[in-house]
Structure formats: structure tokens, C-alpha cells
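**Q** make a model of this:
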Amino acid sequence: MEEIRSLVTGGAGFLGSHLVDHLIKNGHQVIALDNEVNGSWSKLSHWQDHPRLKLVNQDILELTDNDPNFKNLDYVFHLAGIECPVTSLKKPEIFMDTNIKGTVNVLQASKQSKLKKFVFASSSSVYGIPSTPTLETDVLDPTTPAGLSKMQAEEAVCHWGNIYDFPTNSLRIFNAYGPRCSSKLYPGNVFGIWMKQLQAGNEITIVGNGEHARDFVYCTDVSNAFYVAALEGKSGEAYNIGAGIAVEIKTIASMLKGKITYLKEVKDEPIKTWADISKFQFDCSWQPRIPMESGIEFSLDVINQWADMPLWSKEDLDNFFQTWFEIYS
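**A** All right, here's what the predicted structure looks like:
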């Protein structure tokens, strides 16, 4: 049987570690690359000393064109990056460097291999405040440096693929959630904030009245999306990755059965995110498999995973969002 060699940047992160799981289970030789600034190799501890997994401590901003880990690869999955809208308003240069220059570095290193596919983790933030359900053909109009950096990274991925002749896809991920959803640097995903608050016995914080809705997609559905995109995605295409439904924040919070406290409403944020996933379903025969109720149950079963994560209290979050209020007043 032919050996399949894959590299995952951001392999110690939330979605990166789930993708590593998926690739190893499907027989790939995997190189997981991460600098552990926001991720942790502990997320892959269950594969410790596995013969088909190599862990590499590497910052993509320091990556060279001839990095030996990028030789003789079949697939590169580029998930290393940062995404936090509020932080990007305060420190935009970090997001532009990491998400654009870092992506170019990974693309340059990848030119050493005759790739079957380069798959990039983009974000629904490239749409800004979109119409719903959101199609891939909708206008890209990011409202923060985080979204702008993802949009420009997407353009670089497509451009490098065209110029240097290797197939690419960008996956515009909506609200991914599930076990290992956590951030060391900033609040990050609302689901990760809630899980830590629950684990610590605190109230769950909701921004505004909780009637805004998000398209939440479970982590293993996302890792499967990367896998099938690599095999079946049409080169040069961007695809929406979501559950294809929008659920109100207060409904999700009620499933967690925690006590709720409310924060000041944030303006210039989408009232609803809702991915039209029909293009990816058609091209790649992909379906989200995990309903919200099951995904929350699976996450609550391993809630102690959040024990070592930073706790963001109501006061912390009020202070954190002050930047947003100053800019979008």
C-alpha cells in the first residue's frame, strides 16, 4: 500500500489536533507542526510515540523555503493562524503577519513537493456582515483585520496554486465547536469561553440578549471536511463549512444548563450567520453528521479538558470588548 504523507500546520490547536486524529485513523504519515503559542501538544497526547506521527515545534513566521519537513508530501493542511476580531482591532499587525506572511511562508515551503492538494483553513469572517444563508459567491467584505487577513491569505493560496501549479482549496469555517475548543491568548470561540465558565462553576456570559444566531459545526465534521476536500474538492475553489442551520445563542446556552449573565450588546456584528453548504455537499459528498445536542453532550462529557484554560469572567469580557465599543460606537 502506498504511503500517504500529510503535514498539518497548527497541529497542536483545536481543529488541527482533530484533523491529525482523522488523518492517522485513515493511515496517513502525519507531520504536525505548531509553535504552541496558542495550542498545546497535550491535545495529541493520546497518540504519544505513534510511529506515523511526528511533532515539530515550528513558528510559520520563521519557516524557510527549504524546510525539510515539507519535502515529499502529498497533502498540506494549513490551519496555523490566529482569529479574534476584537484583538485584531487592537493589534492588527500581528494578524496580518501571521495570517498572510505566515501563509505565504507555508506556500513557499510547500513548493518542494508535488502536492495532490493544499487545503487552507479560512473563516466565515471574510464575509463581514453577510446575507443569509451565505453563498460562496457573496461579496467578501470583512469588518475586522482578522477577517481581512483571512481573505488576503485565501487570495495568496489561490494565486500560488495557479502560478506554481498545485491544487488548492480554502474552507470558510463558520462556528466550529467541541472538545479541545480553547484559546490561551484571548477569549476565542464563545463555546470555549462557556465551557471554561461551566467547568469553573461560573455563570455563562451572553453578549446582548442572546437572540443573535450562529451556524455551529462540530469539530469532527470540520476535520472530515478537510479530509474530503483534499480528496474531492475542485481545485481553486473556496467552500463554506457549517452545519447549514442557524441556532440562537440563548438556545445553545440553555442546552448547557448553566446560569446565564448578560453583557452589553456588540454592534456591527452579524445578527445571524448561516452557511449555505450545498456547493461543498455537491462537490465532495460531505454532510455534517453531529447534531448540536450530541455535540454539546460529547463536550460536557470531557469538560475537565478546560480545567487548565484561562477563565474569562463577566468583568474580564466587559473590559475586553471595550476596544470594540470605542471603534464601533
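
**Q** could you point out the helix or strand that follows the longest helix anywhere in the chain?
**A** Ranked by number of residues, the top helix in the chain under DSSP state H is helix 145-164. Next helix or strand after helix 145-164 toward the C-terminus (DSSP states H and E): strand 168-173.

**Q** now the strands for this protein?
**A** Remark: strands assigned in the chain by DSSP state E are 5-9, 29-34, 53-57, 75-78, 117-123, 168-173, 175-177, 204-207, 213-214, 216-218, 237-241, 247-248, 260-263.

**Q** with mean pLDDT, mean neighbour count and distance to Thr143 added, can I get the ones you listed in TSV?
**A** In short, each C-beta sits where N, CA and C put it, glycine included. Rendered in TSV, the data for these read as follows (pLDDT from 0 to 100; neighbours: other CB atoms under 10 Å; distance: least, CB to CB, whole Å):
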stretch	mean pLDDT	mean neighbour count	distance to Thr143
strand 5-9	99	27	26
strand 29-34	98	25	28
strand 53-57	98	15	34
strand 75-78	99	27	24
strand 117-123	98	26	12
strand 168-173	98	26	15
strand 175-177	98	24	16
strand 204-207	92	21	16
strand 213-214	96	22	16
strand 216-218	98	25	20
strand 237-241	98	24	18
strand 247-248	96	16	21
strand 260-263	92	14	19
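
**Q** would you turn those into TSV with distance to Asn162?
**A** Compiled in TSV, these are given as follows (distance: least, CB to CB, whole Å):
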stretch	distance to Asn162
strand 5-9	21
strand 29-34	25
strand 53-57	28
strand 75-78	16
strand 117-123	12
strand 168-173	8
strand 175-177	28
strand 204-207	40
strand 213-214	33
strand 216-218	29
strand 237-241	12
strand 247-248	37
strand 260-263	44
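
**Q** so which of those is nearest Ile290?
**A** Nearest to Ile290 among those is strand 216-218; the distance by CB to CB comes to 3.8 Å.

**Q** list the contacts of the closest one.
**A** 173-178, 191, 241-243, 247, 252, 275, 288-290, 292, 294-295, 298 (CB atoms under 8 Å, 6 or more residues apart in numbering).

**Q** mind checking which of the residues you listed are buried?
**A** The neighbour count (16 or more other CB atoms under 10 Å) marks 173-178, 191, 241-243, 247, 252, 275, 288, 290, 292, 295 as buried among the contacts of strand 216-218.
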